[in-house]
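> With the sequence up front, the predicted model follows.
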Amino acid sequence: MDKSKLFSFYRHEMHEILIECTHSDELYLDEFENKISGLWAAAYREGLEEGEFHKLLDEVFPGHQIEFNHLFKSDKVIKHAG
């Protein structure tokens, strides 16, 4: 799959995860983090780089940042701006 199709696919998946993890207008961050982590694993296997994945996440979920300190480890950090 070429990069433009990957970007489109993963952008759509991120939107879906954001919707799935929002209940009564409240985002459940743990649920969101778990699903985004799984999505990152799949994106990495398909050839997306971490910076590309972060850029997509910033488009879908501005003001929030997920940092992966080490690939697929559980020491991820979610920062909430605002």
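Arrived safely. As the structure is a prediction and not an experimental result, all values here were calculated from the model. Numbers count the residues shown, from 1 in each chain.
> Just grab the bridge partners of residue 22 for me.
Under DSSP bridges, the beta-bridge partners of residue 22 are residue 27.
> all numbers from here: first residue = 205
From this message on, residue numbering opens at 205, which makes the last subject residue 226.
> and it, how far is that from residue 239?
According to Cβ to Cβ, to the nearest Å, residue 226 stands 12 Å off from residue 239. All C-beta spots, glycine's among them, are computed from the backbone N, C-alpha and C.
> Kindly report the same for residue 260.
For residue 260, the distance to residue 239 - Cβ to Cβ - is 14 Å.
> between those two, which one's more packed in?
residue 260 (22 against 18; other Cβ atoms under 10 Å).
> Does that one lie in a helix or a strand, and which?
helix 254-264 (DSSP states H and E).
> Tell me which residues of that helix come out buried.
Burial within helix 254-264, assessed by neighbour count using 16 or more other Cβ atoms under 10 Å, is assigned to 257-258, 260-261, 264.
> Contacts only, for the residue lying closest to residue 244 once chain neighbours are set aside.
Once flanking residues are discounted, residue 244 sits nearest to residue 257: 5.7 Å by Cβ to Cβ, 6 or more residues apart in numbering. Going by Cβ atoms under 8 Å, 6 or more residues apart in numbering, residue 257 touches 214, 244, 247-248.
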